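A.B. asks: Predicted model follows, preceded by the sequence.
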Amino acid sequence: MGMELGKYKTCVSARSTDKEIVAKAQDGGIVTQLFAFALEQGIIDGAIVTGLGDRPWKPRPFIATTREELLTSRGTKYNVSPNVAWIKEATRSFGLDKVGIVGTPCQMQAVRKVQLYPIGMRDVPDKIALAVGIFCMENFLYKSIQQLVEDHAGQKMQSVKKMTIGKGKFSVYTERGNVVALPLKITEKYEQAGCHVCLDYVANLSDVSTGSVGSPDGWSTVFVRTKKGDHIWSKAIAAGCFETKPIEEVKPGLELVTKLAHEKIHKNEIYLNKRASYGVGKGLRNPYI
Amino acid sequence: MATEKSATIPSDVKMEKKAEVSKKEEKSVSNKIKAGHVHLSGCTGCLVALADNYQGLFKLLDDYVDWVYDLTLADVRHIPEMDVALVEGSVCIQDHESVEDIKTTRNKSKIVVAVGGCACYGNITRFARGGQHNQPQHESYVPIGDLIDVDVYIPGCAPTPQQIRNVCVMAYLLLMGTEDQKKLAANYLKPLMNLAKRGTTACFCDLMTEVINQGLCMGCGTCAAACPVRAITHEWGKPQGQRDLCIKCGACYSQCPRSWYSFDVMNEFEGIMEIIDGAMK
Ligand SMILES: Cc1cc2nc3c(=O)[nH]c(=O)nc-3n(C[C@H](O)[C@H](O)[C@H](O)COP(=O)(O)OP(=O)(O)OC[C@H]3O[C@@H](n4cnc5c(N)ncnc54)[C@H](O)[C@@H]3O)c2cc1C
Ligand code: SF4
Ligand code: SF4
């Protein structure tokens, strides 16, 4: 164990003080609240977020430039949402100079590679104003989620109000009040392949990263990581956007976050090593140099 | 393609990151690196991208680079000795002057950088068939790496002002910096040097064969944003390429976080961005 939580300046348990935001947020409404505040303050001109696509629970990345639009993006869609696809369009077609983006740890890695090696990203590097990372153990393809919800949990996709992964279960909550919890043993085989080489659980490269793990229900664990992140977070706190508790005072706290991060990274390192000798004298590619 | 390298936990080495390079008084002309632009079969878009650093270009020329060769911007006839040669365009093998130019460039330069899709991968010149006014006999174009060893690639069509700038700053630190800066610059440039070793062809297909088929794609969307001709969309979370639209510039593959990714560099992203910003102030 050591650096699995990445660099950070502060870590707290937090939740938005905005009742409207929290009402339909996944956890403490950290992502939506931060973007709403940054938008209002002119720190960002818009944010790339995940809304709903043409089928129930199918993600559709879009650029939100108003609070109303941000509100439609609340909640976790547990399947792949190519948010970074919009990062150049945001500065071009949408003409944003200060872009916010939310994404999983791998997407935060993508954003930083865009900034350090802007190979196909003219004028984008200097326009990323706020990159909010969300913790992520793994993601799924749409069909996988559909199969889990419909075949395993026996619910209609359009009847589902919320999905969560936590406490060892994938849980599906329906509008009519059904709750079906599947053990993660069942979801395991549906995990997206590319997630198994991922060595980041808590979005180490974001400005601010957040997830449910470590904090009580309805609250979020928040890592403030960069100078930019620190600046915006402090302003948001000063403006009363969040109530916070020291992470040391909440249960299960950082210990669980560290444990899960370690488990993910360790498991995936083993898999990466296995890939190196996947065949006979031949292996699969390792992207890390 | 297998690599023997075992998995690495994200390292988190603190690097000394002082933007010392911006200190005026430490500088003298001899402290600059000699660089230039060699123009082969390209559209001048790469040179324009360099110029599109605007004030940044002046900063580069004032403090870091003696611009010793450039058909457009320097009044020099023959390719001189250079620390860094930025080569734009592919080589027409029926044009003997171009062939001589690229050989001379290699022989006289410490570091040869292929700037842009044509120099790296042939790009749009792959589609040439000859017959164009006023040299109809010019029909075969090869990336410079088919004729000489290339040290660093900057793919893309056009390459971006910021990527060219970053390579210039890093080349300067590599040749003129402190030990720490040299180390940092070497780490930064390594992936772009690996690209130069990897080969002279590029296509959306690289994402299929090297990323998606290898079980590495996680659907981030970056490739779609990188493509200059919008040949890539995401269907059900995964990239789809319209391969007829693809001009073979290599942007998608090299921008993809799962083509190559260096924790040594990326974990220091904040400090490195500060160094580059500091150098350009
Ligand atoms: C695939 C996935 C796996 C996750 N795994 C974990 C985990 O293991 N442990 C943990 O603690 N937290 C995990 N999370 C994060 C958690 O579910 C919440 O998204 C996070 O706590 C933010 O909640 P919030 O109330 O602050 O955000 P809200 O204010 O509700 O906003 C949610 C934000 O997430 C974005 N979003 C939704 N779906 C996606 C998606 N598929 N891809 C990218 N962005 C999306 C939306 O655009 C919105 O901006 C995961 C999230 C995802 C998408
Ligand atoms: S950039 Fe790479 S990892 Fe991301 S969607 Fe494209 S191919 Fe997949
Ligand atoms: S798909 Fe687009 S980015 Fe990729 S090589 Fe072709 S033209 Fe370039």
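C.D. replies: Arrived safely. Residues are numbered from 1 along each chain as shown, chains lettered A, B, ... in the order given. Ligands and ions are numbered 1, 2, ... in the order given.
A.B. asks: From here on, just use CA atoms for contacts and neighbour counts.
C.D. replies: Will do.
A.B. asks: Count residues in the vicinity of B:C120, would you?
C.D. replies: 34 (other C-alpha atoms under 10 Å in any protein chain shown).
A.B. asks: Regarding it, what is its secondary structure?
C.D. replies: Secondary structure assignment for B:C120 (DSSP: H, G, I helix; E, B strand; the rest coil): helix.
A.B. asks: Now B:K59. Nearest residue, chain neighbours left out?
C.D. replies: Among residues not flanking B:K59 along the chain, B:M280 sits closest, at 6.3 Å (C-alpha to C-alpha, 6 or more residues apart in numbering or on different chains).
A.B. asks: and the helix or strand hosting A:K264, does that touch chain B?
C.D. replies: Counting by DSSP states H and E, the element that carries A:K264 is helix A:254-276. Yes - applying C-alpha under 8 Å from any C-alpha of the partner chain, one finds helix A:254-276 touching chain B at A:265, A:269-270, A:272-273, A:276.
A.B. asks: out of these, which are buried?
C.D. replies: A:265, A:269, A:272-273, A:276 (16 or more other C-alpha atoms under 10 Å in any protein chain shown).
A.B. asks: how about those in a markdown table, adding pLDDT and distance to A:Y142?
C.D. replies: Below are those laid out as a markdown table (pLDDT from 0 to 100; distance: C-alpha to C-alpha, whole Å):
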| residue | pLDDT | distance to A:Y142 |
| --- | --- | --- |
| A:I265 | 98 | 24 |
| A:E269 | 97 | 26 |
| A:L272 | 98 | 25 |
| A:N273 | 97 | 28 |
| A:A276 | 97 | 29 |
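A.B. asks: a markdown table for those residues, including distance to ligand 3?
C.D. replies: Conversion of these to a markdown table gives the following (distance: C-alpha to the nearest ligand atom, whole Å):
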| residue | distance to ligand 3 |
| --- | --- |
| A:I265 | 30 |
| A:E269 | 29 |
| A:L272 | 26 |
| A:N273 | 29 |
| A:A276 | 27 |
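A.B. asks: Surely the residue nearest to B:K59 is in contact with B:G56?
C.D. replies: Yes - taking C-alpha atoms under 8 Å as the definition, B:M280 is a contact partner of B:G56 at 6.2 Å.
A.B. asks: Counting neighbours, go ahead and name the busier of the two.
C.D. replies: Just comparing B:M280 and B:G56: by other C-alpha under 10 Å the higher neighbour count belongs to B:M280, 21 against 18.
A.B. asks: Summarise which helices and strands whichever helix or strand A:L130 is part of is packed against.
C.D. replies: Following DSSP H and E, one finds A:L130 within strand A:128-134. In terms of contacts (3 or more C-alpha pairs under 8 Å, 6 or more residues apart in numbering or on different chains; DSSP states H and E), strand A:128-134 is packed against strand A:99-103, helix A:105-116, strand A:208-211, helix A:227-238.
A.B. asks: C-terminal to that strand, what's the next element?
C.D. replies: Assigned by DSSP H and E, the successor of strand A:128-134 is helix A:142-146.
A.B. asks: What are the buried residues along that next one?
C.D. replies: A:142, A:144-146.
A.B. asks: partners of the helix or strand that it is followed by, with directions?
C.D. replies: The C-terminal neighbour of helix A:142-146 among helices and strands, as given by DSSP H and E, is strand A:160-166. Strand A:160-166 pairs in its sheet with strand A:169-174 (antiparallel), by DSSP bridges.
A.B. asks: how far does the strand it pairs with sit from the chain's center?
C.D. replies: Here strand A:169-174 shows a centroid-to-chain-centroid distance of 18 Å under the convention C-alpha atoms, centre = their mean, to the nearest Å.
A.B. asks: just to revisit the earlier point, comparing the helices and strands packed on strand A:128-134, which comes out most buried?
C.D. replies: Of all the helices and strands packed on strand A:128-134, strand A:208-211 carries the top mean neighbour count, a mean of 29, counting by mean count of other C-alpha atoms under 10 Å in any protein chain shown.
A.B. asks: Please see if it touches chain B.
C.D. replies: No - Strand A:208-211 does not reach chain B (C-alpha under 8 Å from any C-alpha); its nearest approach is 13.2 Å.
A.B. asks: Quick one: list the elements packing against that strand.
C.D. replies: Contact partners of strand A:208-211 among helices and strands, from 3+ C-alpha pairs under 8 Å, 6+ apart: strand A:128-134, strand A:220-224, helix A:227-238.
A.B. asks: Columns mean pLDDT and distance to A:I101 on top of these, output as CSV?
C.D. replies: CSV is the format used below for the helices and strands packed on strand A:208-211 (pLDDT from 0 to 100; distance: least, C-alpha to C-alpha, whole Å):
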stretch, mean pLDDT, distance to A:I101
strand A:128-134, 98, 5
strand A:220-224, 98, 15
helix A:227-238, 98, 13
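A.B. asks: could you point out the longest helix in chain B?
C.D. replies: As assigned by DSSP state H, the longest helix anywhere in chain B is helix B:179-198.
A.B. asks: Can you pull out the residues in contact with that helix?
C.D. replies: Residues outside helix B:179-198 that contact it (C-alpha atoms under 8 Å, 6 or more residues apart in numbering or on different chains): A:289, B:15-16, B:120, B:145, B:150-154, B:167, B:170-171, B:173-176, B:254, B:260-262, B:264-265.
A.B. asks: Kindly export that helix (C-alpha atoms) in CSV.
C.D. replies: Presented in CSV, the C-alpha positions along helix B:179-198 are these (Å, rounded to 0.1, in the frame of the first residue of the first chain):
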residue,chain,number,x,y,z
GLU,B,179,20.0,17.3,-14.5
ASP,B,180,16.4,17.1,-13.1
GLN,B,181,15.1,19.0,-16.1
LYS,B,182,16.9,16.6,-18.5
LYS,B,183,15.3,13.7,-16.7
LEU,B,184,11.9,15.2,-16.9
ALA,B,185,12.3,16.0,-20.6
ALA,B,186,13.6,12.6,-21.4
ASN,B,187,10.6,11.0,-19.6
TYR,B,188,8.2,13.4,-21.5
LEU,B,189,9.7,12.7,-24.9
LYS,B,190,10.0,9.0,-24.4
PRO,B,191,6.5,8.1,-25.7
LEU,B,192,7.0,10.3,-28.7
MET,B,193,10.3,8.6,-29.4
ASN,B,194,8.6,5.2,-29.0
LEU,B,195,6.1,6.3,-31.6
ALA,B,196,8.9,7.0,-34.0
LYS,B,197,10.3,3.5,-33.4
ARG,B,198,6.9,1.9,-33.8
